[in-house]
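>>> Sequence and predicted model, in that order:
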Amino acid sequence: SGESNSDDSDEETTEAQLKRIRAQKREEMRRRELEALERQILSLSVERFSTPEILFRPKDIGLDQAGLCDAIIQSVEACNPSLRAPLYRNILIVGGCANLPNIQDRVEKELRTLVDSKYAIRVHVPKDPVGYAWTGSRDFVQSKLNSEIASSCVDRTTWSMFETKGCQSHWEAIEKQSIESTFGKGNNSEYVIM
(Lines give C-alpha, C1' and ligand atoms only; values in the text may rest on other atoms or scores of the structure.)
Protein backbone atom coordinates (compact mmCIF):
# COMPACT_ATOMS: atom_id res chain seq x y z
CA SER A 1 0.00 0.00 0.00
CA GLY A 2 3.10 2.24 0.44
CA GLU A 3 3.89 1.76 -3.24
CA SER A 4 0.47 2.94 -4.36
CA ASN A 5 0.95 6.20 -2.40
CA SER A 6 4.22 6.93 -4.21
CA ASP A 7 2.52 6.23 -7.59
CA ASP A 8 -0.29 8.69 -6.72
CA SER A 9 2.20 11.40 -5.78
CA ASP A 10 4.12 10.86 -9.09
CA GLU A 11 0.85 11.17 -11.06
CA GLU A 12 0.00 14.40 -9.25
CA THR A 13 3.42 15.82 -10.03
CA THR A 14 3.13 14.86 -13.71
CA GLU A 15 -0.40 16.22 -13.83
CA ALA A 16 0.75 19.51 -12.27
CA GLN A 17 3.55 19.72 -14.81
CA LEU A 18 1.10 19.20 -17.69
CA LYS A 19 -1.18 21.93 -16.29
CA ARG A 20 1.77 24.29 -16.00
CA ILE A 21 2.91 23.54 -19.59
CA ARG A 22 -0.65 24.01 -20.92
CA ALA A 23 -0.93 27.33 -19.07
CA GLN A 24 2.40 28.46 -20.53
CA LYS A 25 1.27 27.51 -24.04
CA ARG A 26 -2.00 29.43 -23.58
CA GLU A 27 -0.09 32.46 -22.29
CA GLU A 28 2.34 32.28 -25.24
CA MET A 29 -0.58 32.07 -27.69
CA ARG A 30 -2.22 35.12 -26.05
CA ARG A 31 1.06 37.03 -26.20
CA ARG A 32 1.48 36.22 -29.90
CA GLU A 33 -2.11 37.27 -30.68
CA LEU A 34 -1.62 40.61 -28.89
CA GLU A 35 1.70 41.13 -30.67
CA ALA A 36 0.04 40.43 -34.03
CA LEU A 37 -2.70 42.96 -33.26
CA GLU A 38 -0.13 45.62 -32.29
CA ARG A 39 2.04 45.06 -35.33
CA GLN A 40 1.47 47.60 -38.11
CA ILE A 41 1.88 46.21 -41.56
CA LEU A 42 1.55 48.31 -44.66
CA SER A 43 1.17 46.16 -47.72
CA LEU A 44 2.27 47.87 -50.91
CA SER A 45 1.21 46.85 -54.34
CA VAL A 46 1.29 49.21 -57.32
CA GLU A 47 2.11 52.09 -54.94
CA ARG A 48 5.80 51.06 -55.06
CA PHE A 49 5.84 52.02 -58.73
CA SER A 50 3.08 54.61 -59.06
CA THR A 51 4.37 56.89 -56.30
CA PRO A 52 7.84 57.46 -57.83
CA GLU A 53 6.18 57.82 -61.22
CA ILE A 54 4.77 61.14 -59.99
CA LEU A 55 8.31 62.56 -60.29
CA PHE A 56 8.12 62.01 -64.04
CA ARG A 57 4.41 62.70 -64.61
CA PRO A 58 2.97 65.00 -61.92
CA LYS A 59 -0.12 65.53 -64.07
CA ASP A 60 -1.19 62.00 -63.02
CA ILE A 61 -2.19 63.42 -59.65
CA GLY A 62 -3.45 66.76 -60.96
CA LEU A 63 -0.30 68.87 -60.53
CA ASP A 64 0.16 71.26 -63.41
CA GLN A 65 3.95 71.33 -63.47
CA ALA A 66 6.85 69.79 -65.33
CA GLY A 67 8.14 66.36 -64.46
CA LEU A 68 11.77 65.68 -63.56
CA CYS A 69 13.06 65.26 -67.13
CA ASP A 70 11.03 68.20 -68.43
CA ALA A 71 12.45 70.37 -65.63
CA ILE A 72 15.99 69.30 -66.52
CA ILE A 73 15.39 70.22 -70.16
CA GLN A 74 13.84 73.58 -69.21
CA SER A 75 16.83 74.37 -67.00
CA VAL A 76 19.42 73.46 -69.62
CA GLU A 77 17.57 75.21 -72.44
CA ALA A 78 17.39 78.41 -70.34
CA CYS A 79 21.21 78.54 -70.36
CA ASN A 80 23.52 79.95 -72.97
CA PRO A 81 23.51 77.62 -76.03
CA SER A 82 27.29 77.14 -75.72
CA LEU A 83 26.75 75.57 -72.28
CA ARG A 84 24.00 73.12 -73.20
CA ALA A 85 26.23 70.27 -74.41
CA PRO A 86 28.36 70.21 -71.24
CA LEU A 87 25.27 70.52 -69.06
CA TYR A 88 23.55 67.56 -70.75
CA ARG A 89 26.75 65.54 -70.27
CA ASN A 90 26.84 66.33 -66.55
CA ILE A 91 23.40 65.85 -65.04
CA LEU A 92 23.66 65.10 -61.34
CA ILE A 93 20.71 63.71 -59.37
CA VAL A 94 20.90 64.37 -55.63
CA GLY A 95 18.51 64.11 -52.69
CA GLY A 96 16.52 61.27 -51.22
CA CYS A 97 14.70 60.38 -54.44
CA ALA A 98 18.06 59.68 -56.07
CA ASN A 99 18.02 56.47 -54.02
CA LEU A 100 15.04 55.14 -55.98
CA PRO A 101 15.98 51.96 -57.84
CA ASN A 102 17.00 52.53 -61.49
CA ILE A 103 16.38 56.29 -61.43
CA GLN A 104 19.64 56.98 -63.26
CA ASP A 105 18.73 54.68 -66.16
CA ARG A 106 15.17 55.99 -66.28
CA VAL A 107 16.25 59.64 -66.46
CA GLU A 108 18.88 58.88 -69.11
CA LYS A 109 16.43 56.94 -71.29
CA GLU A 110 13.65 59.50 -70.98
CA LEU A 111 16.00 62.42 -71.69
CA ARG A 112 17.40 60.61 -74.70
CA THR A 113 13.90 60.51 -76.22
CA LEU A 114 13.25 64.20 -75.48
CA VAL A 115 16.60 65.89 -76.20
CA ASP A 116 18.12 66.59 -79.61
CA SER A 117 20.38 63.69 -80.65
CA LYS A 118 23.35 66.06 -81.17
CA TYR A 119 23.73 66.16 -77.36
CA ALA A 120 25.32 63.35 -75.36
CA ILE A 121 23.35 62.54 -72.22
CA ARG A 122 25.09 61.41 -69.03
CA VAL A 123 23.32 61.16 -65.69
CA HIS A 124 25.28 60.69 -62.48
CA VAL A 125 24.08 59.62 -59.02
CA PRO A 126 26.68 60.05 -56.25
CA LYS A 127 27.35 57.39 -53.62
CA ASP A 128 25.66 59.58 -50.97
CA PRO A 129 23.00 61.49 -52.90
CA VAL A 130 21.33 62.77 -49.74
CA GLY A 131 24.37 64.61 -48.37
CA TYR A 132 26.10 65.35 -51.67
CA ALA A 133 24.77 68.88 -52.23
CA TRP A 134 25.72 69.95 -48.72
CA THR A 135 29.17 68.35 -48.99
CA GLY A 136 29.79 70.05 -52.35
CA SER A 137 28.77 73.44 -50.97
CA ARG A 138 30.97 72.98 -47.92
CA ASP A 139 33.95 71.98 -50.07
CA PHE A 140 33.38 74.94 -52.41
CA VAL A 141 33.33 77.40 -49.54
CA GLN A 142 36.37 75.83 -47.89
CA SER A 143 38.37 75.86 -51.14
CA LYS A 144 37.75 79.51 -52.02
CA LEU A 145 39.00 82.72 -50.47
CA ASN A 146 36.34 85.12 -49.23
CA SER A 147 36.89 87.50 -52.18
CA GLU A 148 36.41 84.65 -54.67
CA ILE A 149 33.22 83.59 -52.94
CA ALA A 150 31.95 87.17 -52.99
CA SER A 151 32.57 87.40 -56.75
CA SER A 152 30.61 84.17 -57.29
CA CYS A 153 27.59 85.26 -55.25
CA VAL A 154 24.87 87.86 -55.60
CA ASP A 155 22.88 89.29 -52.70
CA ARG A 156 19.09 89.58 -52.77
CA THR A 157 19.07 93.30 -53.54
CA THR A 158 21.41 92.94 -56.53
CA TRP A 159 19.45 89.93 -57.77
CA SER A 160 16.17 91.87 -57.62
CA MET A 161 17.71 94.87 -59.37
CA PHE A 162 19.02 92.83 -62.29
CA GLU A 163 15.87 90.73 -62.46
CA THR A 164 13.60 93.76 -62.74
CA LYS A 165 15.85 95.56 -65.22
CA GLY A 166 16.36 92.43 -67.33
CA CYS A 167 20.14 92.81 -67.32
CA GLN A 168 20.99 89.58 -69.10
CA SER A 169 24.38 90.93 -70.20
CA HIS A 170 25.45 91.33 -66.56
CA TRP A 171 24.65 87.67 -65.84
CA GLU A 172 26.51 86.58 -68.97
CA ALA A 173 29.55 88.59 -67.86
CA ILE A 174 29.45 86.96 -64.40
CA GLU A 175 29.07 83.53 -66.01
CA LYS A 176 32.01 84.11 -68.37
CA GLN A 177 34.18 85.44 -65.53
CA SER A 178 33.33 82.40 -63.39
CA ILE A 179 34.20 79.96 -66.19
CA GLU A 180 37.44 81.74 -67.06
CA SER A 181 38.54 81.96 -63.42
CA THR A 182 37.83 78.28 -62.94
CA PHE A 183 39.15 76.79 -66.18
CA GLY A 184 41.30 79.51 -67.72
CA LYS A 185 40.61 81.85 -70.61
CA GLY A 186 39.49 80.15 -73.82
CA ASN A 187 39.27 76.68 -72.24
CA ASN A 188 36.33 74.68 -73.65
CA SER A 189 36.00 72.28 -70.75
CA GLU A 190 32.90 70.19 -70.45
CA TYR A 191 32.50 71.08 -66.77
CA VAL A 192 30.82 74.33 -65.89
CA ILE A 193 30.50 76.08 -62.54
CA MET A 194 27.09 77.75 -62.23
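Thanks, I have the structure now.
>>> Quick check: residue 111 touching residue 68?
No - if you go by C-beta atoms under 8 Å, residue 111 and residue 68 don't touch, sitting 9.5 Å apart. C-beta here means a position set from N, CA and C on the backbone, and glycine is covered the same way.
>>> quick one: contacts for the residue lying closest to residue 53 once chain neighbours are set aside?
Leaving aside its chain neighbours, residue 53 sits nearest to residue 60 (6.7 Å; criterion: C-beta to C-beta, 6 or more residues apart in numbering). Taking C-beta atoms under 8 Å, 6 or more residues apart in numbering as the contact definition, residue 60 lies against 50, 53, 54.
>>> before we move on, what SS does residue 60 have?
helix (DSSP: H, G, I helix; E, B strand; the rest coil).
>>> Regarding the chain, what is its longest helix?
helix 2-38 (DSSP state H).
>>> tell me the contacts of residue 132?
Applying C-beta under 8 Å, 6+ apart, we find residue 132 in contact with 92, 94, 126.
>>> Same list (the residues you listed) but as JSON lines, adding pLDDT and distance to residue 24.
Listed next are the contacts of residue 132 as JSON lines, based on pLDDT from 0 to 100; distance: C-beta to C-beta, whole Å:
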{"residue": "92", "pLDDT": "93", "distance to residue 24": "59"}
{"residue": "94", "pLDDT": "93", "distance to residue 24": "54"}
{"residue": "126", "pLDDT": "91", "distance to residue 24": "54"}
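>>> Of these, just the buried ones, PyMOL syntax please.
The buried residues among these can be selected in PyMOL (16 or more other C-beta atoms under 10 Å) with this line:
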select buried, resi 94
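>>> from the contacts of residue 132, which single one is nearest residue 74?
The nearest member of those to residue 74, counting by C-beta to C-beta, is residue 92 at 16.4 Å.
>>> Distance of that closest one relative to residue 98?
Note on residue 92: its distance to residue 98, by C-beta to C-beta, to the nearest Å, is 9 Å.
>>> so what sits against both of those two?
125, 126.
>>> list the contacts for the residue nearest to residue 129 when sequence neighbours are not counted?
Closest residue to residue 129 apart from its sequence neighbours, by C-beta to C-beta, 6+ apart: residue 98 at 3.4 Å. Contacts of residue 98 were listed using C-beta under 8 Å, 6+ apart, and they are 125, 126, 129, 130.
>>> Against residue 23, how distant is residue 98?
Using C-beta to C-beta, we find residue 98 at a distance of 55 Å from residue 23.
>>> same question, residue 158
79 Å.
>>> do residue 111 as well
Distance from residue 111 to residue 23, by C-beta to C-beta: 66 Å.
>>> which one of these two has more residues nearby?
residue 111 (21 against 10; other C-beta atoms under 10 Å).
>>> That one should be in a helix, yeah?
Yes - under three-state DSSP, residue 111 sits within a helix.
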